[in-house]
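A.B. asks: Please work out how this folds:
(3 chains)
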Amino acid sequence: MSKPVLSLQGIQKRFGGIYALHKVDFAIKPGEVHGLIGENGAGKSTLINIATGLFPHDAGTVHLDGHPFKPDTPRAAATQGVYVVHQEADLFPQLSIAENMLLGEGLERNALGLIQWNKTNAHAARRVAALGESFNVRQDAAGLTVARRTMAEIATAVTHKPKVLFLDEPTAALSSNEIDTLFQQIEILKKQGTAIVYVSHRLNEVLQLSDQITVMRDGATIETGPVADWSMDRLIATMVGRSIEHGAGKREVPIGGVRLDVQHAQATTKAFNDITLQVRAGEIVGLYGFVGAGRSEFAQALFGLHPMHNGTVKLDDVPINIKNPRQAVKQGMAYLPEDRLVQGVFRGHSLKHNASVSILRKLSRFGFINNQKETDLAAQVITDMQVRTDSMDQPIGTLSGGNQQKIVFGRWQATAPKVLILDEPTRGVDVGAKAEIHKLICDLAEKGTAILLISSELPEIMSMSDRVITLSEGHQTGEFIPERDGEVAIAAAAVPKQQKDSCTSTKKASRLAKLLEFREAGLFAFILLLCAIMTGLRPDSFATTENFLDILVRAAIPAILAQGAMFIICTGGIDISIGSMMGLTAALTAMATKQGLPPIPTLALGMGLGILLSTLNASLSLIARIHPIIVTLAGISIFRGSMHLVTGGHEITLMPDTFRAMANGTLMGIPKICYYVIFVTAIAHIILRYTLTGRRVLALGNSESAAQLIGLSKTRLTCFVFAFSGALVGLAAILQTGFYGKVQSNCGEGYELQAIAAAVIGGTNILGGRGSAIGTLLGAFLIALVYNGLILLEASAYWQNIFVGSLILAAVALDAFLTRMRRAAQ
Amino acid sequence: MIQLLSRHREATLFLVLVVLFTGFALTTENFLDWFGLAEQTRYLIVPGMLAIPMTFIIATAGIDLSVGSIVAMCGIVLGLLYRDAQWPIALACLASVIAGLLAGTFNGAMSSYLRIPPLVVTLATMTLYRGIATGLSRAKPINQFPDGFVHLSNGDLIATADNAFYLPFPILPLVIVSIVGWLLMRKSWVGRFTEHIGENETAAIFAAIPVAHLKCALYAVCGLVCGMGALFNVALYSTAKSNAAMGYELEAIACVVLGGTRISGGKGSIPGSLLGLLIIGILRYGLDLAGFESKFVIIVVGILLIVTVVFNEWLARQGEQQK
Amino acid sequence: MKQGLIALLTLIMVITGCGGDKSAAPEGVTATPSEDKKLVIGVMPKLVGIDYFNAAERGAVEAAKELGVELVYDGPSTNDVQQQSRMVETWITKKFDAIAVAPNDPDAIGVVLKKARKRNAKVLSWDADSVQESRDFFVNQASNEAIARVLIETMAKNIGPEGKYIILTGSLSASNQNIWMGEMEKYRAEHYPNMVNLSPTPKATEEDFALATQVTLDVLKTYPDLNGIFAITSVALPGAAEALRKANAADRVFLTGLATPTSMREFILDDTCREVILWNVPDLGYLTVHAAVAMARGELKAGDTTFNAGRLGSIEIQGDQILLGDPIAFNKSNIMDVDY
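C.D. replies: Predicted structure coming up:
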């Protein structure tokens, strides 16, 4: 037999005080499919993350091809041939699928380094076709169903011909056809010698595919053996079989009448279907299922966080219709969320504030918090939960995970709920805390609370529940009494079946998506419409070449600045100091010209100065990690003040004709300044559309975390966009001076708003990730057109700003509306 | 030391203020002249009032760039109703406050319910509201307000017989707004929820905090305070004009950020914002008095803003790392 | 609670820190300046950094040197009355002997100027007037009627008594310009009833040269039968001239207005604009300082009808207005003779 291609020995990993992995030994040979199974939280994902370089391990060794292997980033791991397809695909939603697939490798480029989209798309399409799929790779990734997203990721990974490929729950969202395709791919890869680690809850798939199977439990590898040694029953038994330290379990408490009664509940998103259950006072009902079973979705729908499509909910026999969490709490429901860090705690806030948040209004009179009551409550929670802490005023982020969880639990216990939904209450919690939390659950049950307990840990479910309901892929698959039916039966009912029809992709999305894709066209149409109206109203003055050129000239300087602003906004930043920066640059270059500097060096000087000042903004914001809006807010007054300082408050006039000739006058009947605009727009368009840097800028704005995964440097990209913007500011400053022949002390004032407005109207997403050079140009043109039109129509100058303000507002509102339509359509 | 400073951010600011104050008192002639100090405060009132609701908004990780424009627009509403519609001045004042409330509510609704980033919404309404002010007034100033009204900003609260010592009247409303703001921020669930939203919006939703409603309400109240600010701004110059309160939004934001409220949200400090206001006020006044030209003054204030924010962020991170 | 205390402490600190300052008060009481102490005069333009006020500064400096007084010439960086008010407050505190302000808004500045008078400073307005009771004198570059008359007469001479014109102003809220436009309309209605102002709402150029150019270009298309343009600020006129030059429209549209001669020199020389109206700006600064000093020294009081202003000789006073003289028309013949 050949040697293992990847081996992990004695791996340990701690998060805070808790061992995520404490003893992992794992090896895989080339051409082998190795099934890796275990309950949620057994440590499978941690193992994958260590092997693929997301974070380092604390002890043990990893070898790849016999050499020590310690990648710093997923990108580094990938270059050495170790790939992973995550269960939640981390994508750039506003980039095309083809790009998502190929950006990490650099896309298809020609000799000049420009991206060849046809080739790239064809390349991506080939990969997709190889998977037997046929979806449009030009479509935005956000328009994909989860299944197709996964397929796209798999397609990407497959084409790298990796040495080792981790597939983490690849079939969770796939339909049976897609699964077949996937399996064929796996066979091909296997023949090529790729080692595949296959992680899945679908045990039958694992049994069908694997050569070897390793079972993990509680952060350790328990047993490894060839597939022939395993059966479904033995897998389940090994997976759940345990375990020592489970507390006393549920105390016997009197069970009362039905408190929570759910009939035929169904999610709008189809995350769960037709769930019917009842929970009585004092009863604990366990809700058991794997990832994707719809447990949390169901719980959150009950709590009013998501809309419920169908079904009735009764609380103490009274039908209730809960639309938001506040109503839920009022009715006596409580929900302890699954993801403590994201959904549970306010990290920087004190323990006391975290404990009291849910009943704060009850602790208040006329809106004012009764401090004594709040302190008492927090003290009560700390004592009840046996939270170990010095002071209730310390930030909760300083506590261990277990103690944090106890506080969040205490928060809900304090509302004295009729129904308490616990979503993974003991995940990532140490043993002692777990027992305490279990005791608390029993105490609550004793008081007559109906408890719905969601957990992936079967022993917890077994020991705590009076009844267990199993969910699998959104469907209710059985109801069990733990003592009577045993854990194997429960686990078997929860294991997802392969047959599933998940062809839920909607065609409705595509038309709207198209509308969005051609935003420039829409804008262009709108401009044409305005022009048509204007021509009708003012045929003599409006519809002339001369007027058209005037509008272009008016749009010119803002348009040039807007291209830079657009790039910055694409990364999710903003620069509101460009107007002042332009003033300062204009003053300095004009003075240099007056000293006799020839035009071309002046141009270089201006752009250099712009780059310098703008990079200053960027580095301050990066180093101090402050949002650029604050840095550039200060920049406004600093640059403007400096400008007054260097000019001594004087206007700079009578610029030499050689200098003015750069921007002033016409060339072939068209104002020279227009050529600059076209040139800059073309450059911006090419960079954004056809260079790797441009695409990376967009990727960064789409998702910082995903960008990090493919090894992009935020620092470099941010500096690049600011430098680019700075260069354009310098250019704009010189053009403005050249065109008008003087530098006023208020040069550039207000241009930042025009530039940002042009970019936003042009379809740049203010949150980053989407931008368009052509759109930006059209945006600037539209603004100039409106100003021009208002004058030609002899509209009162008093009302101008209202038009412009409304225009921006309408543009962004339309954008928000379309985005939401698109989301809804998915 | 670092821990001490990061825990008592306001104390640090207070220290800065004392140092500035003492520095100017020792080096600059006439700085301690009571008349000068008292009269200067009149000009800090309106930006100060705006800084209070702005503290709440920034604490939720939002921003409102339209406050200056709302002040101008409400001032025009007040002026037109008083002069042209001949409303009694008190009623016109009420209308101004209501106009502010409406403007703020529009901001809030657009950003909370349509989920357009507040930066964009208020960037647009900054132009829009200013435009409405220009349009309604046809850019002409409105003046000749009654003396009683002008005293809102120019009267004195208490004064000794020889007028050697007195307190300007508008300190009172600023103090009231600040106290209400401070009570809301520190003593009521409104402030608590505000900070929770800024710290972790998802967790706030899961904790049954009515996030969208509360955010909308904060912008609405901010508009309302702008409407009140408009009264004092009009009274201060005895003029309602469409280009009034230009740049107040940046001034208010600068005060808030200087006061230690992080632009990323999570914690708001009303005393901090007031100290920020005083620091900016004293710095500007002191530099003016020391004979620096106005161009130096704006540079220094800009640099101060950056330095403080960088220092604040650094402190916050030091604090986090030590835990 | 702690934070509340701090806020309170701040307030107390501010109060007590300065309450104990009464020792400084006697200085303010003996405000009558002794001759051996150098007088301090503050002159504030509407804004700093534009040609017009830079020219005025030269005259002001000249007068200050001549008279041996200390001159502070500073103003806001934008034409903002809020900043002006705040700066005047500082000047009051610094106990300037005389304060001359070119207000951006007559009523708004009035509030603080009244305070200055109460604090024994001599107060003048110059370039633009403030409300009457807030200042002792107004140093007027030329009476509003005279400016309006010269402008309309110049226009009428060039485009005929039935010509059509429009007006470019600075910001729509600029008070001087609004007054002049009012006077122009009055004079036109009286003397040239058949001349037409095509746009009763003036076109705003926001003291922005580029905008002035763009607006003028649009105006030329909007009103094809336009004969003349008035541009009545120092920024709007060269901006409009630049536009005429770019559009080659100088021979069909007559341009005139108010601006500093140097800023218009190149346009006068190439016939884009044939006549510019302005008063002698350095002299305006010069006169302002002279008047301020005379007032501070007690040589000029309300009710006087003339006063001696250095090289300008005896200057006439009409009521509370100190008049510089009639505006001057600049054209090719005299444009090279002046340096402002």
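A.B. asks: Low-confidence regions, the stretch 201-323 of chain B specifically.
C.D. replies: In the predicted model, the stretch 201-323 of chain B carries pLDDT under 70 at residues B:319-323.
A.B. asks: again, only this time at 80
C.D. replies: Within the stretch 201-323 of chain B, the segments meeting pLDDT under 80 span B:293-295, B:298, B:308-309, B:311-323.
A.B. asks: where does it come near chain A, residue by residue?
C.D. replies: Residues of the stretch 201-323 of chain B lying near chain A by C-beta under 8 Å from any C-beta of the partner chain: B:202-210, B:250, B:253-254, B:257, B:263-264, B:266-267, B:295-299, B:301-303, B:305-306, B:309-310, B:313-314, B:317, B:320, B:323. For glycine as for every other residue, the C-beta is placed from the backbone atoms N, C-alpha and C.
A.B. asks: Weed out the non-buried ones from those.
C.D. replies: B:203-210, B:250, B:253-254, B:257, B:263-264, B:266-267, B:295-299, B:301-302, B:305-306, B:309-310, B:313 (16 or more other C-beta atoms under 10 Å in any protein chain shown).
A.B. asks: which SS class is whichever residue of the stretch 1-150 of chain C sits closest to chain A?
C.D. replies: The stretch 1-150 of chain C approaches chain A most closely through C:G49 (3.0 Å), counting by C-beta to the nearest C-beta. When classified by DSSP: H, G, I helix; E, B strand; the rest coil, C:G49 comes out as coil.
A.B. asks: ok, it - how many residues close by?
C.D. replies: 22 (other C-beta atoms under 10 Å in any protein chain shown).
A.B. asks: any chance you could read off phi and psi for B:Y166?
C.D. replies: phi -160, psi 160 (degrees, to the nearest 10).
A.B. asks: Closest residue of chain A to chain C?
C.D. replies: For chain A, C-beta to the nearest C-beta, closest residue to chain C: A:S745, 3.0 Å.
A.B. asks: Pull the contacting residues for that residue.
C.D. replies: A:583, A:643-644, A:647, A:649, A:651, C:47-50, C:77 (C-beta atoms under 8 Å, 6 or more residues apart in numbering or on different chains).
A.B. asks: Tabulate those (a markdown table), appending pLDDT and distance to B:G100.
C.D. replies: Shown next, in a markdown table, are those (pLDDT from 0 to 100; distance: C-beta to C-beta, whole Å):
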| residue | pLDDT | distance to B:G100 |
| --- | --- | --- |
| A:G583 | 93 | 33 |
| A:M643 | 89 | 35 |
| A:H644 | 85 | 34 |
| A:T647 | 84 | 39 |
| A:G649 | 72 | 37 |
| A:E651 | 80 | 39 |
| C:L47 | 84 | 29 |
| C:V48 | 82 | 33 |
| C:G49 | 75 | 34 |
| C:I50 | 76 | 35 |
| C:S77 | 78 | 28 |
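A.B. asks: So A:D211 versus A:A27, what's the distance?
C.D. replies: 12 Å (C-beta to C-beta, to the nearest Å).
A.B. asks: Kindly report the same for A:Y83.
C.D. replies: Where A:A27 is concerned, A:Y83 sits at a distance of 18 Å (C-beta to C-beta).
A.B. asks: more neighbours, these two?
C.D. replies: A:Y83 (23 against 18).
A.B. asks: from the contacts of A:S745, which are also near chain B?
C.D. replies: Answer for those near chain B (C-beta under 8 Å from any C-beta): A:644, A:649, C:48, C:77.
A.B. asks: Identify the farthest-apart pair in the residues you listed.
C.D. replies: A:G649 and C:S77 (8.6 Å; C-beta to C-beta).
A.B. asks: Spit out the residues that contact those two alike.
C.D. replies: With C-beta under 8 Å, 6+ apart as the test, A:G649 and C:S77 both reach A:745, B:295, C:48-49.
A.B. asks: Now for residue 118, how many residues are close by?
C.D. replies: Defaulting to chain A. A:N118: 9 neighbours (other C-beta under 10 Å).
A.B. asks: that's the other chain; I wanted chain C
C.D. replies: Neighbours of C:K118 (other C-beta under 10 Å): 11.
A.B. asks: for B:W34, same thing?
C.D. replies: 23.
A.B. asks: how about the helices of the stretch 51-200 of chain C, start to end?
C.D. replies: Taking DSSP state H, counting those that start in this stretch, the helices of the stretch 51-200 of chain C run over residues C:51-67, C:81-93, C:106-118, C:144-159, C:175-191.
A.B. asks: same thing with the stretch 151-300 of chain B?
C.D. replies: Along the stretch 151-300 of chain B, counting by DSSP H, counting those that start in this stretch, helices occupy B:171-182, B:189-199, B:201-206, B:211-237, B:248-258, B:270-289, B:294-321.
A.B. asks: Could you dump those helices into TSV with distance to chain C added?
C.D. replies: TSV is the format used below for the helices of the stretch 151-300 of chain B (distance: least, C-beta to the nearest C-beta, whole Å):
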stretch	distance to chain C
helix B:171-182	6
helix B:189-199	12
helix B:201-206	23
helix B:211-237	4
helix B:248-258	9
helix B:270-289	4
helix B:294-321	6
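A.B. asks: To B:M73, which of the ones you listed lies closest?
C.D. replies: Closest among those, once you apply C-beta to C-beta, is helix B:211-237, at 7.8 Å.
A.B. asks: Next, the buried residues of that closest one.
C.D. replies: B:211-212, B:214-237.
A.B. asks: again with stretch A:669-677
C.D. replies: For stretch A:669-677, using 16+ other C-beta under 10 Å, the buried residues are A:671-674, A:676-677.
A.B. asks: Do you know the pLDDT at the closest residue to B:A252 other than its chain neighbours?
C.D. replies: Once flanking residues are discounted, B:A252 sits nearest to B:L50: 4.0 Å by C-beta to C-beta, 6 or more residues apart in numbering or on different chains. B:L50 is assigned a predicted lDDT (pLDDT) of 96.
A.B. asks: Is it correct that B:L50 is in contact with B:M228?
C.D. replies: No. Counting by C-beta atoms under 8 Å, B:L50 stays clear of B:M228, with 9.7 Å between them.
A.B. asks: Can you name the element that comes right after the helix or strand hosting A:N310?
C.D. replies: Secondary structure assigned from DSSP states H and E places A:N310 in strand A:308-315. Toward the C-terminal end, the helix or strand that comes next after strand A:308-315 (DSSP H and E) is strand A:318-320.
A.B. asks: Walk me through which strands that following strand pairs with, and which way each runs.
C.D. replies: strand A:308-315 (antiparallel) (DSSP bridges).
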